[in-house]
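**Q** Next input, structure requested:
(2 chains)
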Amino acid sequence: MNRKQPLRAVKGMRDILPPESRLWGRIEQVARELFHAYAYQEIRTPLVEPTELFARGVGEETDIVTKEMYTWEDRDSKSLTLRPEATASVVRAFIEHKMYEQPGLKKLYYMGPMFRRERPQKGRYRQFFQIGAEAIGSDSPAVDAELIEMIVALLARFDLSGFTLLLNSVGCSTCRPAYIATLRDALRQVSGLLCPDCQRRSETNPLRVLDCKVPEDQPIIDGLPILFESLCPGCFTHSQRVEEYLQDRQIAFTMQPRLVRGLDYYTRTTFEIVHGALGAQNALLGGGRYDGLSEALGGPRAPGIGFSLGEDRFVLAVEQAAPVETKARTDRLLYIAWLGESAYRHAAELARELRALNAAVEVAPDAAKLKKSLEIASRIGAGHVLIIGDQELAEGKYPLRDMSRGEQRTVNNDDLFREFGVPRANE
RNA sequence: GUGAGCGUAGCUCAGCUGGUAGAGCGCCGGACUGUGGCUCCGGUGGUCGAGGGUUCGAUCCCCUCCGCUCACCCCA
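**A** Just a heads-up that it's a prediction; the model follows:
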């Protein structure tokens, strides 16, 4: 009666269990390989940063900063924050370690957990995982195109289809403020006709109105001025080049002049890939250029572009395309069943030697009837079972059972070392 | 932060207009002394999310709280 209630994971944070964790590992491995192919290198930054980094980087007025961050005062009364995204951290590290002194483009990738205190729902968690890359040190549209090419290649490696690449330009510090003023004026003319949310947004965040999904508002929104048409010559040319380079690469995209992103640091190119089957949170990844971010963080001018993929959502999309096998796929696993204490000693020694050769081996932990051991071996997906009893100890030969064929043959130590030893990956 | 739906066995779920609970799967054992999957037989299984109220009596009705899910918002 006095049992304490078991502790649970905190809301919006979850355990990734096998066999699903296998898919996560595979995704991360494939992403690493691909990033290396594009000459990106890994960067690992702290999960905790000074709160000011995000206030200055992401934007004081953004939803992320105003209501979604896990922020607390440390014992020395410094304000710290669990990172809600990683671009600001990467650029901070870029400045802190003076990477701008190195020649050429700095290409960095990262993967890991981010934290935002939102109400959880499908594809949205308070601790979620992002895989992303940043190319810092060039404002060439070639970098934009190559980054998007890499992203498309990543999706292709998982045979993912049914996604749409949305592209836009949000201008720069010269053309955007002028546009927002124009937009606000235009909204004042029509604000009475819009939905309540949009009436509020008209003042707080006019760009958001363009993203409204209420059907009745669409005709009115269609009549509003478009940022894309107010771009300054530099931004316009940049956008044209990116489009051309994407066409060269046969990458399909949809210009979405209303595409709005929630982080203030974006300039010029912004993009997003949406996927059906993700529920309401359909953004699989998003990114864009941030030519002024380094300066905003106290660094030199260092234009950059990056993207971030929602790994939780990517898993949803991949699983939908090809459901994870529920049976653990561990065909290469060798299970050693033993009968009696001296057989156990021998099994443990044999397992140690095989594992030294990189073989995957499991030794029955408890004394069990052979029938039971085979049952367990079968359930955990072992490809073979080695049986060791007194007889085998004396002869130095053991029955090796192929679990999928149900056939048995007799082997000795050398046979085992030869068949189950695995050459080590050398990297 | 707002709204809606849902909390019954390890899992997926049934449970009639209120009479203190069932199935399938799983798990354990046996048929088969050292040979898994299939089959058959037997067994184990529950503070009905928590607390309070109404009632002779609550898994069922009412209230509060907690949790989960989906959506709004926003985003990955």
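**Q** rest of the way, CA atoms for contacts and neighbours
**A** Fine.
**Q** Look at the residue in the stretch 201-350 of chain A that RNA strand B sits nearest to and tell me its secondary structure.
**A** Minimum separation of the stretch 201-350 of chain A from RNA strand B (CA to the nearest atom of the strand) falls at A:Gly262, amounting to 2.1 Å. Secondary structure, DSSP: H, G, I helix; E, B strand; the rest coil: A:Gly262 is coil.
**Q** Quick check: pLDDT value at it.
**A** A:Gly262 carries a pLDDT score of 73 in this model.
**Q** And for A:Leu246?
**A** Confidence score, pLDDT, at A:Leu246: 97.
**Q** need the contact list for it.
**A** Applying CA atoms under 8 Å, 6 or more residues apart in numbering to A:Leu246 gives the contacts A:Ala145, A:Glu149, A:Ala252.
**Q** mind exporting whichever helix or strand it is part of as PDB, just the C-alpha atoms?
**A** Per DSSP states H and E: A:Leu246 is located in helix A:233-248. Output of helix A:233-248 as PDB, limited to C-alpha atoms (Å, rounded to 0.1, in the frame of the first residue of the first chain):
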ATOM      1  CA  PRO A 233      18.900  44.500 -56.200                       C
ATOM      2  CA  GLY A 234      21.600  42.600 -54.300                       C
ATOM      3  CA  CYS A 235      19.000  40.300 -52.700                       C
ATOM      4  CA  PHE A 236      17.100  39.800 -55.900                       C
ATOM      5  CA  THR A 237      20.200  38.800 -57.800                       C
ATOM      6  CA  HIS A 238      21.200  36.400 -55.100                       C
ATOM      7  CA  SER A 239      17.800  34.800 -55.200                       C
ATOM      8  CA  GLN A 240      18.000  34.400 -59.000                       C
ATOM      9  CA  ARG A 241      21.300  32.700 -58.800                       C
ATOM     10  CA  VAL A 242      20.200  30.200 -56.200                       C
ATOM     11  CA  GLU A 243      17.200  29.300 -58.300                       C
ATOM     12  CA  GLU A 244      19.400  28.800 -61.400                       C
ATOM     13  CA  TYR A 245      21.900  26.700 -59.500                       C
ATOM     14  CA  LEU A 246      19.100  24.500 -58.200                       C
ATOM     15  CA  GLN A 247      17.700  24.100 -61.600                       C
ATOM     16  CA  ASP A 248      21.100  23.100 -62.800                       C
END
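**Q** ok, and for it, which residues are buried?
**A** A:Cys235, A:Phe236, A:His238, A:Ser239, A:Arg241, A:Val242, A:Glu243, A:Tyr245, A:Leu246 (16 or more other CA atoms under 10 Å).
**Q** Buried ones among the contacts of A:Leu246?
**A** Counted by 16+ other CA under 10 Å, those give A:Ala145, A:Glu149 as buried.
**Q** wait, which of the contacts of A:Leu246 is closest to A:Thr269?
**A** When the contacts of A:Leu246 are ranked by distance to A:Thr269 (CA to CA), A:Ala145 comes first, at 10.0 Å.
**Q** mind checking how far the closest one is from A:Glu244?
**A** 9 Å (CA to CA, to the nearest Å).
**Q** Tell me the helix or strand right after the helix holding A:Leu246.
**A** Helix A:233-248 is succeeded, C-terminally, by strand A:254-255 (DSSP H and E).
**Q** Tell me the strands beside that following strand, with direction?
**A** strand A:163-169 (parallel) (DSSP bridges).
**Q** And the strand it pairs with, how far out from the chain middle?
**A** 18 Å (CA atoms, centre = their mean, to the nearest Å).
**Q** got the contact list for that strand?
**A** A:228, A:235, A:239, A:252-259, A:267-276.
**Q** what's the spacing between the spatially closest residue to the residue of the stretch 201-350 of chain A closest to RNA strand B that is not a sequence neighbour and A:Met255?
**A** Among residues not flanking A:Gly262 along the chain, A:Thr62 sits closest, at 6.7 Å (CA to CA, 6 or more residues apart in numbering). Using CA to CA, A:Thr62 is found at 24 Å from A:Met255.
**Q** now do A:Ala280
**A** 21 Å.
**Q** who's more crowded, these two?
**A** More crowded of A:Ala280 and A:Met255, by other CA atoms under 10 Å: A:Met255, with 14 against 11.
**Q** ok now do that one, which residues does it touch?
**A** A:Met255 sits in contact with A:Leu166, A:Leu167, A:Asn168, where contact means CA under 8 Å, 6+ apart.
**Q** Tell me the gap between the helix holding A:Leu246 and the middle of its chain.
**A** A distance of 27 Å separates the centroid of the chain from that of helix A:233-248, by CA atoms, centre = their mean.
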